[in-house]
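S.K.: Sharing a sequence plus its predicted fold:
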Amino acid sequence: MNSVNDTIVALATGRGGAIAVIRVSGGEAIAVVDRVFAARSGRALSESGGYTVHLGEVRDGDEIVDEVLVTVFRAPHSYTGEDSAEISCHASPYIENRIVQLLIASGGRAATAGEFTVRAFLAGKLDLAQAEAVADLIAAGGRAQHTLAMGQLRGGVSSALAALRGELTELAALLELELDFGEEEVEFASRERLRELAARIGGELDTLAGSFALGNAIREGVPVAIVGRPNAGKSTLLNALVGDDRAMVSEIAGTTRDRIEERAVIGGVDFRFIDTAGLRATGDLLERMGIERAREAVAKAFLVLLLIDSEDFDEADVAAQIADLGLRSDQRLCVVVNKIDKSLRPGGFSPAMIQVVIPVSAKTGQNLDALREWLAAAVDTSALEAGAAVVSGARHYEALIRAREAIGRVEDGLAAEVSADLLAEEVREVVYHLGTITGVITTDELLGTIFSKFCIGK
Ligand SMILES: Nc1nc2c(ncn2[C@@H]2O[C@H](COP(=O)(O)OP(=O)(O)OP(=O)(O)O)[C@@H](O)[C@H]2O)c(=O)[nH]1
Ligand SMILES: [Mg+2]
């Protein structure tokens, strides 16, 4: 970055609180702030070094708009890599707007969404995966989301990719050798090494792509579908878990028609609980639509809670209900036997047949802690905590899948004795897809889609 960049201005803080921060960055940033700021010391900011803080007033002519603190950053030692200033003012929307307007009148320009972070990326302060993690970090609602975003910001995914790049370079160099000398002259060992490398890279890509299911669930909130027969107490359970009267509860079977989604953080993990229409055969059109939606919720869920009224508990029937859910092997099921305040017939079921059975009362809250424990334990965050690279963005996952396909073609090609130039083409494709993740390879369009989702001031 250099002084050619124009100077951008934006409020960096949200509504409320006592103090607000206005960010200014660009070649003229310090001069722009100097035009509206009078330091108590009488010295101009332009004479100040980086990492210095100045008390003074923002003025509009003779009028004092606010007493503020200005922090000065000097290129390249700032978030954007440019000369920057942060004005801490009183958090009144009126004052914030006045100061932003004054800065714009003094030569600044209103920043677009994510523009500070775009500049940080272009200055090489962050790679693309790290820049995206900034947004996730701000949005993190629980410990797991925080760990995930922080891991990515600190370069977890990026360094896994850097290691892969080393292996890909070796692969490309070996192929280059073949191209130079012709296949017949290349030793057997080299082809063997090619096969080895391609397999290793494929395996590493599988591991990274495999981390997406968990990473994405944590990032977006782990989807938990609450299903079961009408009146089993699904809506009561949703309300109890989220601590709010979110869903209507009644003794009428078929109360819930639509999908109702609500979030709660349990054991540091952000969960998205999805209450659904009770599953039964019915002629009611609306209820049938609701049941269809319940099945979709099950298909998308990471965890499924099958609610059974303890009074209706029948082993064969529960087994039939489980079979009816059609769960995949990557989904986990918990059978929740509800209404134990009314009756629980011990020995009425054999826990061995199902993964987990937890008896609760959604109404009185009895034993709900056991269910919360199961939920927290069902999301294995140990990989996250151990600092492993966990992929959480759909964009990253897609690129990994494309890269995996290309390396698969390299493996097949090696087995089929395909010529080195065709294989080299596929290797370039792998490098390309991995490059889009960290932004070594990027387009304006890609940057536009990523940063338009950011807030202004980020
Ligand atoms: N005694 C007792 N009653 C409960 C419990 N949980 C739910 N109920 C009652 O069971 C009835 C049905 O509860 P809901 O939460 O509406 O059940 P649902 O599964 O959402 O029902 P649909 O939306 O119709 O599918 C209500 O009268 C609740 O008060 C419980 O743990 N103990
Ligand atoms: Mg309901």
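M.R.: That came in fine, so what should we check first? Nothing here was measured: the structure is a model prediction, and the numbers come from that model. Ligands and ions are numbered 1, 2, ... in the order given.
S.K.: can I see the domain layout of this protein?
M.R.: Per the record, the chain has its domains at 8-126, 134-211+390-439, 221-382, by automatic domain parsing.
S.K.: Looking at the ones you listed, which is nearest to ligand 1?
M.R.: Ligand 1 lies closest to domain 221-382 among these, at 2.7 Å (C-beta to the nearest ligand atom). (Each C-beta comes from the backbone N, C-alpha and C, glycine too.)
S.K.: which strand is the longest one in the chain?
M.R.: Ranked by number of residues, the top strand in the chain under DSSP state E is strand 63-73.
S.K.: Can you list the strands that the helix or strand following that one pairs with?
M.R.: In the C-terminal direction, the helix or strand that comes right after strand 63-73 (DSSP states H and E) is strand 84-90. When pairing is defined by DSSP bridges, strand 84-90 lines up against strand 19-25 (antiparallel), strand 63-73 (antiparallel).
S.K.: And the next helix or strand past strand 84-90?
M.R.: Strand 84-90 is succeeded, C-terminally, by helix 93-105 (DSSP H and E).
S.K.: and that next one, average pLDDT?
M.R.: The average pLDDT for helix 93-105 rounds to 97.
S.K.: do stretch 64-76 as well
M.R.: Stretch 64-76 shows an average pLDDT of 97 in the prediction.
S.K.: Likewise for stretch 338-353?
M.R.: Stretch 338-353 shows a mean pLDDT of 62.
S.K.: And the domains of the chain: which comes nearest ligand 2?
M.R.: domain 221-382 (3.0 Å; C-beta to the ion).
S.K.: Got phi/psi on residue 6?
M.R.: phi -70, psi 170 (degrees, to the nearest 10).
S.K.: nearest spatial neighbour of residue 431, skipping sequence neighbours?
M.R.: residue 168 (5.6 Å; C-beta to C-beta, 6 or more residues apart in numbering).
S.K.: tell me which residues of the helix or strand harbouring the one you found are tucked away?
M.R.: Using DSSP H and E, residue 168 sits within helix 156-181. Buried residues in helix 156-181, counting neighbours by 16 or more other C-beta atoms under 10 Å, are found at 156-158, 160-161, 164-165, 168, 171-172, 174-175, 178.
S.K.: Residue 241 reaches residue 273, doesn't it?
M.R.: Yes: at 5.6 Å, residue 241 counts as touching residue 273 under the criterion of C-beta atoms under 8 Å.
S.K.: Residues touching stretch 432-443, excluding its own?
M.R.: Residues from elsewhere that reach stretch 432-443, judged by C-beta atoms under 8 Å, 6 or more residues apart in numbering: 121, 127-129, 131, 157-158, 161, 164-165, 168, 395-396, 399-400, 402-403, 406, 446.
S.K.: if we go to 7 Å?
M.R.: Stretch 432-443 has contacts (C-beta atoms under 7 Å, 6 or more residues apart in numbering) with 121, 127-129, 158, 161, 164-165, 396, 399, 402-403, 406, 446.
S.K.: Give me the buried subset of the residues you listed.
M.R.: 121, 127-129, 158, 161, 164-165, 396, 399, 402-403, 406.
S.K.: In helices, which of the contacts of stretch 432-443 fall?
M.R.: Judged by DSSP state H, helices contain the following of the contacts of stretch 432-443: 121, 128-129, 158, 161, 164-165, 396, 399, 402-403, 406, 446.
S.K.: Those residues: which two are farthest apart?
M.R.: The distance between the two most remote of the ones in helices among the contacts of stretch 432-443 (C-beta to C-beta) is 25.4 Å, for 121 and 406.
S.K.: Can you tell me how far residue 18 is from residue 431?
M.R.: The gap separating residue 18 from residue 431 is 50 Å, by C-beta to C-beta, to the nearest Å.
S.K.: isn't residue 400 right up against residue 205?
M.R.: Yes: in terms of C-beta atoms under 7 Å, residue 400 counts as a neighbour of residue 205; the distance is 5.8 Å.
S.K.: rewinding a little: run through the neighbouring helices and strands of the helix holding residue 168.
M.R.: Packed against helix 156-181 by the contact rule (3 or more C-beta pairs under 7 Å, 6 or more residues apart in numbering; DSSP states H and E) you find helix 128-139, helix 188-210, helix 420-438.
S.K.: got the buried residues for the second one?
M.R.: For helix 188-210, burial by neighbour count (16+ other C-beta under 10 Å) applies to 190, 191, 194, 197, 198, 201, 202, 204, 205, 208, 209.
S.K.: quick check, distance from the helix or strand immediately after it in the chain to the centre of its chain.
M.R.: Using DSSP H and E, the helix or strand that follows helix 188-210 towards the C-terminus is helix 212-220. On the basis of C-alpha atoms, centre = their mean, to the nearest Å, helix 212-220 sits 7 Å off its chain's mean C-alpha point.
S.K.: Check which residues of helix 212-220 are buried.
M.R.: 212, 214, 215, 216, 217, 218, 219.
S.K.: Quickly name whichever of the residues you listed is closest to ligand 2.
M.R.: For the buried residues of helix 212-220, the nearest to ligand 2 is residue 217 (24.1 Å; C-beta to the ion).
S.K.: Find me whatever residue is spatially closest to the closest one, sequence neighbours aside.
M.R.: Excluding the flanking residues, the one nearest residue 217 by C-beta to C-beta, 6+ apart is residue 302, at 4.7 Å.
S.K.: Look up phi and psi at the one you found.
M.R.: phi -90, psi -40.
S.K.: how many neighbours does it have?
M.R.: The tally of other residues near residue 302 (other C-beta atoms under 10 Å) stands at 22.
S.K.: Might one say that it is in contact with residue 218?
M.R.: No: using C-beta under 7 Å, residue 302 is not in contact with residue 218, being 9.5 Å away.
S.K.: Just give the number of residues close to the closest residue to residue 363 other than its chain neighbours.
M.R.: Distances taken as C-beta to C-beta, 6+ apart place residue 236 nearest to residue 363, at 5.8 Å, with adjacent residues excluded. Using other C-beta under 10 Å, the number of residues around residue 236 comes to 21.
S.K.: Please see if the helix or strand containing residue 236 touches ligand 1.
M.R.: Secondary structure from DSSP H and E places residue 236 in helix 234-242. Yes: residues of helix 234-242 contacting ligand 1 under C-beta under 6 Å from any ligand atom: 234, 235, 236.
S.K.: Report the contact partners of the second one.
M.R.: What that stands for is residue 235. Residue 235 makes contacts with 247, 248, 249, 255, 256, 275, as judged by C-beta under 7 Å, 6+ apart.
S.K.: how many neighbours does the closest residue to it other than its chain neighbours have?
M.R.: Distances taken as C-beta to C-beta, 6+ apart put residue 247 closest to residue 235, at 3.8 Å, once the chain neighbours are dropped. Applying other C-beta under 10 Å, we find 21 residues neighbouring residue 247.
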